[in-house]
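A.B. asks: how does the following fold in three dimensions:
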Amino acid sequence: MNAQSQKKYALITGASQGLGKEFAISLAKRKHNVILVSLPNQNLNKLAEHIKSLFGVKVSYFEVDFSSDESVLSLTKELNNNFEIDVLINNAGTGGTKKIEDVSLNYVTTIIQVNVKATAVFTHQLLSNLKRQSRSYILNVSSIAAFAPVGYKTVYPASKAFVHSFSLGLSEELKGSNISVSVINPGAMKTNPEITARIEKQGFMGKLTLLHPKKVAEYSLTKMFKGTTFILINPMSWFLSVLLPNWIKVPMMTNIVKREA
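C.D. replies: The predicted model follows:
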């Protein structure tokens, strides 16, 4: 890297574990400085020190609860004032598998706040920072659920459909600029034993489509840096979620997911 590129940072939200952690590690391997953002009490300091010592890059971290508008805006202001950012990865997300009638209002609003609002606000607030770099990249993490409305998740697929649509529209709007916008739509990933076990309860289809975060991160970054807008992760999930008509896939996926609830 030249001296100028060494001053730039890649920002990853939801960076403490799973796919976000693998994004950070993969970028650090490429000698990219990183900014890690995640919820408080996620051992983000230990991850930051690990990455710094292992790869010799600059690492900063921020513990922020995205359910608060004030905290998100405060963070983006600090980032714009103190960092040159040329990669933004909107990875933070939340969801669950429950009957809609059994969940609290907070459960519903948190999914919308974290998956929809924080993604849009981070992008909006950091856009001027990304634009002042010679070349910049935005990578938004949607989900294969964006193409498959499914019972017992309801709000989550709708929120990820927003992320997908937002990304494609933004990519077109910024075409010809210095910013490339990409979106990935992965399925379930082996982020921790609890999630892996829950997905495997779905049976054969759950096991078949389960992904490894490290492989997803490395593949996605390679495609992102090439300027690919829609990054296809799992062809099998794509077939089930996109090509099948709704009258087949919605009840089929609902029956599969119901085993988690």
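
A.B. asks: next, Leu11: secondary structure please.
C.D. replies: Three-state call for Leu11 (DSSP: H, G, I helix; E, B strand; the rest coil): strand.

A.B. asks: can you give the contact residues for stretch 127-141?
C.D. replies: Residues from elsewhere that reach stretch 127-141 (C-beta atoms under 8 Å, 6 or more residues apart in numbering): 8, 14, 19, 79-80, 83-91, 93, 119, 123, 163-164, 166-167, 170, 177-184, 186, 220-221, 224-225. (Glycine included, C-beta is placed from N, CA and C.)

A.B. asks: once you drop chain neighbours, what's closest to Phe162?
C.D. replies: Using C-beta to C-beta, 6 or more residues apart in numbering and skipping the chain neighbours, the partner closest in space to Phe162 is Val116 (4.9 Å).

A.B. asks: what about the one you found, which SS state?
C.D. replies: Assigned by three-state DSSP, the conformation of Val116 is helix.

A.B. asks: same deal with Val87?
C.D. replies: On the basis of three-state DSSP, Val87 is classed as strand.

A.B. asks: distance between stretch 147-161 and the chain's centre?
C.D. replies: Taking C-alpha atoms, centre = their mean, to the nearest Å, the mean C-alpha location of stretch 147-161 is offset from the chain mean by 16 Å.

A.B. asks: and it, end to end?
C.D. replies: 7 Å (C-alpha to C-alpha, to the nearest Å).

A.B. asks: pLDDT averaged over it - what is it?
C.D. replies: The pLDDT scores in stretch 147-161 average 90.

A.B. asks: again, but for stretch 219-236
C.D. replies: 92.

A.B. asks: quick one: the helices in the stretch 101-250 of the chain?
C.D. replies: Under the criterion DSSP state H, counting those that start in this stretch, the stretch 101-250 of the chain contains helices at 105-111, 118-131, 155-173, 193-200, 204-209, 213-225, 235-238, 246-258.
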